[in-house]
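*Asks:* sequence isn't available, so here's the structure alone:
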């Protein structure tokens with residue numbers, strides 16, 4: 001059977017079974033469109049996750065100890081001992097404690113979150129100061145009452 005005869009038989013089969021040919025073509029079109037759509041969604045989600053990780057810092061790890069009725073405690077001495085005994089695991093470490101408070105100024109009240117930290121926080125979290133200076137070692141050693149204010153947008 002020659003190539004021309006194969007083409008003739010194929011065309012006859014397509015023309016004699018128009019509905020089956022239409023449904024087959026429709027199935028192929030829908031399948032290809034579904035695969036293209038799925039690939040686009042996966043690429044978009046991957047890009048979104050990558051962007052989020054870039055803003056967090058892909059080379060940083062945050063360890064959080066939270067939860068109700070937890071019996072596990074991590075005190076400052078335990079953390080410092082771990083840091084001192086494993087210097088190969090990190091470039092910098094910054095402890096932080098977060099909480100919610102009410103800030104008062106005259107008759108104005110504002111519920112906001114606060115973060116207690118050390119002088120290493122600025123370098124680890126790439127914080128830029130618009131005006132003034134960041135907390136330094138003298139503030140920590142002298143237990144000074146200092147604060148860094150951040151404007152919320």
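*Replies:* Here it is on my side, so go on. Computed from a predicted structure; not experimentally measured.
*Asks:* list the helices and strands the helix or strand of the chain with the lowest mean pLDDT packs on?
*Replies:* For the chain, the helix or strand with the lowest mean confidence is helix 76-85, at a mean of 79 (criterion: mean pLDDT, DSSP states H and E). The criterion is 3 or more C-beta pairs under 8 Å, 6 or more residues apart in numbering; DSSP states H and E, and there are no helices or strands that helix 76-85 contacts. Yep, even glycine has a C-beta here, placed from its N, CA and C like the rest.
*Asks:* could you list the buried residues of it?
*Replies:* For helix 76-85, burial by neighbour count (16 or more other C-beta atoms under 10 Å) applies to no residue.
*Asks:* surely residue 93 is within a strand?
*Replies:* No. Using DSSP: H, G, I helix; E, B strand; the rest coil, the assignment for residue 93 is coil, not a strand.
*Asks:* look up the closest residue to it, ignoring the ones flanking it.
*Replies:* Leaving out its chain neighbours, the residue that sits closest to residue 93 by C-beta to C-beta, 6 or more residues apart in numbering is residue 83, at 5.3 Å.
*Asks:* related to what we said a few turns ago, any idea of the mean pLDDT for the helix or strand following the least confident helix or strand of the chain?
*Replies:* With elements assigned by DSSP states H and E, the helix or strand that comes after helix 76-85 is strand 96-105. The predicted model gives strand 96-105 an average pLDDT of 86.
*Asks:* need the residue closest to the centroid of the protein.
*Replies:* Among the residues of the chain, residue 52 comes closest to the average C-alpha position under C-alpha atoms, centre = their mean, at 3.9 Å.
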